[in-house]
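Trainee: I'll drop the sequence and a predicted model, then ask my questions.
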Amino acid sequence: MFKKPFAYWVFSFLLLYVVFLTVKPLFNTGYYPMHDDIQPIRLFEIDKCVRDFQFPCRWVPDMGYGFGYPQFNYYAPLPYYVMEVFHLLGFGILVSIKIYLVFITFLGVFAFYKLASKFWQNEFAGLVSALFYALLPYRAVNLYVRGAVGEYTAQALIPLILLFSLSLLRERNKRDIIYLSVSMAFLWMSHSISALVFTPFLLGWMIFLYLGERPLNTFKLKVSLKKITLSLLGALTISAFFVLPAFFERGLVHGETLTVNYFDFRGHFLSIYQILFANSWGYGSSMPGPNDQIMLGIGVLFWFVSLVSMVIGIFTKKNRAGLLFLNALAWASLFLMHSKSTVIWESLPLMNLVQFPWRFNAFAGIFFALGAGYFGLLDIKRGAKVTILTAFLILLLLFHARFFRPSGWLTISDTDKLSGKNWELATTISINDYLPITTSLSPPEKAKDSPVVLSGKMDLINIEKGSNWQKWLVEVSDDALVQAQIFYFPDWKLYIDGRETQIDFKNHNGIITFDIGKGMHTVILKLTDTPIRVVGNIITILGIPAFLFLYKRYKYEK
């Protein structure tokens, strides 16, 4: 272990320290402002689900201005489940979020170091690549400006997927099938848009690895396809409970709000200057035209260093195929951020769901950072190599270290964040994203705490509420038309005195409404699973042991 050069240990320590600097603000007490300031209430709602045994969590009762909507039937939930683990251990909501962000930051950099070390088969190269990745401006954008927890998580998981797919095709290690399956499933459950966009890159990556590592013969192709297929089967099995409903039940909510107006990709292309040369930081928004108030380009150092490494590789004829491939993927990503790629965006299905072309920054940064690692394996004197690494460290810190901090800091507690005006803002932010299709957009007023009697007379004696259910004890003195303060979504069920009763929602703006006769009654409202949700749950529950059985029986072939 300690036979590695002293310089290696020095730069390893420096890398760890740099990563610490990028998350140092998160160790402060309180919280910080961000664009997507909805993380606390999402964790609060996941906590409600977990404590109420609604698993998987699909319905969140407080969103949609208190009428509730099926957020986690569509929005990738994994980061919030991990945060919930910290919360259940006794940490507060805000602290749990910050612990998660620190954890995923270190995980991503470590994964990138392992990926680059294995790709270049050189640990110095791994240190160089990990340093570039750690100070990638777009990571700072997602962490401290946008607060895009799902996308920030994806930036950490993608290096893991590349690492395990590389190991799967290059080495004789059966466990890589499991590792690749889990990491791919986690990506789908953390940020579905990144998973969707990353799929072609992953396919190209594996084809390149196969062509570079394997003789071109039918037997080896079959072996590789068998391993990849088994890994993909495992990933789909693990994530089926979320992926199937999210895809097949898209028509049940107002998904059109996610791709129009501000979220139309046509308004968020970048100029060449913004993509390649801009280095001005800001905490504002992405705007139509060249006047963005936020840095959304790749940063000069990333493309320039990777480009120089490619030129060196071409002239030295060493690793030039890998360098050409990495640069091709990175520049293709940058091209998709420019308006000249509009025809591609308009031609490919589901591309509009990406919303912001500059999301491809994440992929460009990963492949440029990998390309930069080439400098770590140059056949030069150790002193010269140390000088190059030191220069990279200094330049990256000078150019990008200042980005890794929030615009300000708020001395605020969980109670402050989840009460009063902050609570009202949290329950209405992104209000239209997952509203059931049966209701109009933007509810004009907050849901009442108790059911509303539209006609007749009903006294509410007792009411109990859970994450996806309510139980009332009522006395009706005159036949009543009652409106529960819940948006209908398939399959909410109504039981009056144990008998299932018809719900009317179509004539009441999607709000659950029903008739109830005279007398004392017990009313139960419960969200149950549709067939596709049941299928997804069953595939995950039964499929995981079945996948492990197939994995156990699989005779690994290299």
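Mentor: Arrived safely, thanks for sending. Residues are numbered from 1 along each chain as shown.

Trainee: mind listing what residue 493 touches?
Mentor: When contacts are counted by C-beta atoms under 8 Å, 6 or more residues apart in numbering, residue 493 touches 500, 525, 526, 527, 528. (Each C-beta comes from the backbone N, C-alpha and C, glycine too.)

Trainee: right, and the second one touches residue 512 too?
Mentor: Right, the one you point to is residue 525. Yes. Checked against C-beta atoms under 8 Å, the pair residue 525 and residue 512 is within contact range at 6.8 Å.

Trainee: can you list residues touching both of the two?
Mentor: Shared contacts of residue 525 and residue 512 (C-beta under 8 Å, 6+ apart): 484, 486, 492, 494.

Trainee: With respect to residue 348, which of these is nearest?
Mentor: Using C-beta to C-beta, residue 492 comes nearest to residue 348 of the shared contacts of residue 525 and residue 512, at 36.0 Å.

Trainee: Next, residue 349: secondary structure please.
Mentor: Under DSSP: H, G, I helix; E, B strand; the rest coil, residue 349 falls in the coil class.

Trainee: ok, it to residue 196 distance?
Mentor: Computed as C-beta to C-beta, to the nearest Å, the residue 349 to residue 196 distance reads 10 Å.

Trainee: Report the distance from the longest strand along the chain to the chain centre.
Mentor: Looking across the chain with DSSP state E, the single longest strand is strand 469-487. Offset of strand 469-487 from its chain centre (C-alpha atoms, centre = their mean, to the nearest Å): 39 Å.

Trainee: That one: partners in the sheet, and parallel or antiparallel?
Mentor: Looking at strand 469-487 with DSSP bridges, its partner strands are strand 452-465 (antiparallel), strand 511-516 (antiparallel), strand 519-527 (antiparallel).

Trainee: mind listing what's buried in it?
Mentor: Judged by neighbour count (16 or more other C-beta atoms under 10 Å), strand 469-487 contains these buried residues: 469-470, 472, 474, 476, 480-487.

Trainee: any chance of those residues in TSV, with pLDDT too?
Mentor: Output for these, formatted as TSV (pLDDT from 0 to 100):
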residue	pLDDT
469	97
470	97
472	96
474	95
476	95
480	94
481	96
482	96
483	95
484	96
485	95
486	96
487	95
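
Trainee: quick check: mean pLDDT across the helix or strand where residue 543 lies?
Mentor: Remark: residue 543 resides in helix 531-553, with elements defined by DSSP states H and E. For helix 531-553, mean pLDDT is 88.

Trainee: All the helices of the stretch 351-500 of the chain, in order from the start?
Mentor: For the stretch 351-500 of the chain, the helices defined by DSSP state H, counting those that start in this stretch cover 361-372, 382-400, 414-417, 420-428.

Trainee: and what of the stretch 151-300 of the chain?
Mentor: Using DSSP H, counting those that start in this stretch, helices in the stretch 151-300 of the chain cover 175-188, 192-213, 218-248, 272-276, 300-316.

Trainee: Which one of those helices lies nearest to residue 378?
Mentor: Among the helices of the stretch 151-300 of the chain, the nearest to residue 378 by C-beta to C-beta is helix 300-316 (7.4 Å).

Trainee: That closest one - contacts with which helices or strands?
Mentor: helix 123-134, helix 320-335, helix 361-372, helix 382-400 (3 or more C-beta pairs under 8 Å, 6 or more residues apart in numbering; DSSP states H and E).

Trainee: export the ones you listed to TSV and tack on distance to residue 115, mean neighbour count and mean pLDDT?
Mentor: Converted to TSV, the helices and strands packed on helix 300-316 look like this (distance: least, C-beta to C-beta, whole Å; neighbours: other C-beta atoms under 10 Å; pLDDT from 0 to 100):
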stretch	distance to residue 115	mean neighbour count	mean pLDDT
helix 123-134	8	27	94
helix 320-335	12	19	95
helix 361-372	7	27	96
helix 382-400	18	15	88
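
Trainee: Pop the domain breakdown of this protein in here.
Mentor: By the assignment in automatic domain parsing, the chain contains the domains 6-403, 452-527.

Trainee: doesn't residue 83 make contact with residue 97?
Mentor: Yes. The criterion here is C-beta under 8 Å, and residue 97 meets it with residue 83 at 5.8 Å.

Trainee: Between the two, which contacts overlap?
Mentor: Taking C-beta under 8 Å, 6+ apart as the contact rule, residue 97 and residue 83 both touch residue 43.

Trainee: Around residue 152, how many other residues sit close by?
Mentor: Residue 152: 26 surrounding residues under other C-beta atoms under 10 Å.

Trainee: if we can go back for a sec, I'd like to know which of the strands paired with strand 469-487 is closest to residue 386.
Mentor: For the strands paired with strand 469-487, the distance to residue 386 is smallest for strand 519-527, at 60.7 Å, taking C-beta to C-beta.

Trainee: Can you point out the buried residues in that closest one?
Mentor: 521, 523, 524, 525, 527.

Trainee: ok, the second one - contacts?
Mentor: Same thing as residue 523. 470, 471, 472, 473, 474, 494, 495, 496, 516.

Trainee: In a markdown table: these, plus distance to residue 250.
Mentor: Converted to a markdown table, the contacts of residue 523 look like this (distance: C-beta to C-beta, whole Å):
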| residue | distance to residue 250 |
| --- | --- |
| 470 | 27 |
| 471 | 31 |
| 472 | 32 |
| 473 | 38 |
| 474 | 36 |
| 494 | 26 |
| 495 | 29 |
| 496 | 32 |
| 516 | 34 |
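
Trainee: rewinding a little: just give me the lowest mean pLDDT stretch among the helices of the stretch 151-300 of the chain.
Mentor: Across the helices of the stretch 151-300 of the chain, the lowest-scoring stretch is helix 218-248, with a mean of 87.

Trainee: the inter-axis angle of that helix versus helix 175-188?
Mentor: Interaxial angle, helix 218-248 versus helix 175-188 (axes from the mean of the first three to the mean of the last three C-alpha atoms, to 10 degrees): 30 degrees.

Trainee: buried set for helix 218-248?
Mentor: By 16+ other C-beta under 10 Å, the buried positions in helix 218-248 come out as 220, 223-224, 227-228, 230-231, 233-246.

Trainee: Residue 462 - how many residues pack around it?
Mentor: Other residues lying near residue 462 total 9 when counted by other C-beta under 10 Å.

Trainee: Spatially, what comes nearest to it if we skip its sequence neighbours?
Mentor: residue 473 (4.2 Å; C-beta to C-beta, 6 or more residues apart in numbering).

Trainee: Same check on residue 374?
Mentor: With sequence-adjacent residues excluded and distances taken as C-beta to C-beta, 6+ apart, residue 374 is closest to residue 309, at 3.9 Å.

Trainee: Am I right that the one you found is in contact with residue 377?
Mentor: No. If you go by C-beta under 8 Å, residue 309 and residue 377 don't touch, sitting 10.0 Å apart.

Trainee: quick one, which of those two is more surrounded?
Mentor: Ranked by neighbour count (other C-beta under 10 Å), residue 309 and residue 377 place residue 309 first, with 26 against 19.

Trainee: tell me the contacts of the more buried one?
Mentor: By C-beta under 8 Å, 6+ apart, the neighbours of residue 309 are 323, 371, 372, 374, 375.

Trainee: separation between the last one and residue 304?
Mentor: Applying C-beta to C-beta, one obtains 12 Å for the distance of residue 375 from residue 304.

Trainee: The two: which has the busier surroundings?
Mentor: Using other C-beta under 10 Å as the criterion, residue 375 and residue 304 rank with residue 375 on top: 24 against 14.

Trainee: which other residues reach stretch 49-60?
Mentor: Applying C-beta under 8 Å, 6+ apart, the external contacts of stretch 49-60 come out as 42, 45-46, 48, 68-73, 77, 84, 88, 241-242, 245, 466-469, 489, 527, 533, 537.

Trainee: Is there a quick PyMOL command that grabs whichever of those residues are buried?
Mentor: Of the contacts of stretch 49-60, the buried ones go into a single PyMOL selection, burial set by 16+ other C-beta under 10 Å:
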select buried, resi 42+45+46+48+68+69+70+71+72+73+77+84+241+242+245+466+467+468+469+489+527+533+537
